[in-house]
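J.: no sequence on hand, only this structure:
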DNA sequence: GCGACAG
DNA sequence: ATCTTGTCGC
């Protein structure tokens, strides 16, 4: 377990945070396909909080993309860096996520985030932001449609429908299990939307949520609990 | 002005 | 995110 460091000049206000998004947005790469599903490494990152104690715990779990076996994992604990504000989630999660990613002992490959990338009020969600800061290919897989519109995808696993901001497709609702509520996939950095959906399907052989986020979620919660019993 | 709103 | 027990179903 390592310690979270809040970067110098980290935004302190919502206005500053939005200005950072507006500047970094230009660095997102959308025209690379990204790694082929089922090859190399796939890494899940997630964060758990205790706002009462001002404590944050993050986890990064690296899986072998073809077997989904855990290859490496790391956690980071520290102070909360930003309050939760819809549209500014990245400022709350990224310092902890970066610390956990830095502590992992092997190349992360594709990084799967809990939340959104392109599907964001300013088109620069958590997955986009993390991708720009690390240079890694990233995607976002969210559990809710946020403020976006969508029709229900057909019932079979693998069915999709457009996630829309007006008439712009910012992501896809993707059914990962027959007849179960879909997940919401969007592109982060250096990955294409169809490829992001293919990765998500490859990571959901059994459960609605990707193995990466399930593993990372369990690990960061555990790290947060250990913070109490010490 | 009010409500909604990733995690 | 987090607070929280059992329960219905594959």
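T.: That came in fine, so what should we check first? All of these numbers come straight from a predicted model, not from anything done at the bench.

J.: how about the residues of chain A by DNA strand C?
T.: Neighbours of DNA strand C within chain A, by C-beta under 7 Å from any atom of the strand: A:47, A:48, A:49, A:50, A:114, A:143, A:217, A:221, A:224. No exception for glycine: its C-beta is placed from N, CA and C like everyone else's.

J.: which among those residues gets closest to residue A:10?
T.: If you rank the residues of chain A next to DNA strand C by distance to residue A:10 using C-beta to C-beta, residue A:47 comes first, at 15.3 Å.

J.: ok so the closest one is a strand residue?
T.: Yes - with DSSP: H, G, I helix; E, B strand; the rest coil as the criterion, residue A:47 is part of a strand.

J.: hmm, stretch A:137-149 in reach of DNA strand B?
T.: Yes - under the criterion of C-beta under 7 Å from any atom of the strand, stretch A:137-149 makes contact with DNA strand B via A:140, A:142, A:143, A:144, A:146, A:147.

J.: ignore the last one, stretch A:87-99
T.: Yes - Stretch A:87-99 lies within reach of DNA strand B by C-beta under 7 Å from any atom of the strand, at A:87, A:88, A:89, A:90.

J.: which ones among those residues map onto helices?
T.: A:89, A:90 (DSSP state H).

J.: among the residues of stretch A:87-99 next to DNA strand B, give me the pair with the biggest separation.
T.: By the measure C-beta to C-beta, A:87 and A:90 form the most distant pair in the residues of stretch A:87-99 next to DNA strand B, at 9.2 Å.

J.: of those two, which one has the most company?
T.: Set side by side, residue A:87 and residue A:90 show more neighbours around residue A:90, with 26 against 18, by other C-beta atoms under 10 Å.

J.: so the more buried one is in contact with residue A:132, correct?
T.: No - assessed by C-beta atoms under 8 Å, residue A:90 is found out of contact with residue A:132, at 10.0 Å.

J.: strands of chain A, start to end?
T.: All strands of chain A, identified by DSSP state E, fall at A:2-3, A:41-50, A:55-64, A:70-79, A:110-114, A:138-142, A:160-165, A:168-174, A:183-189.
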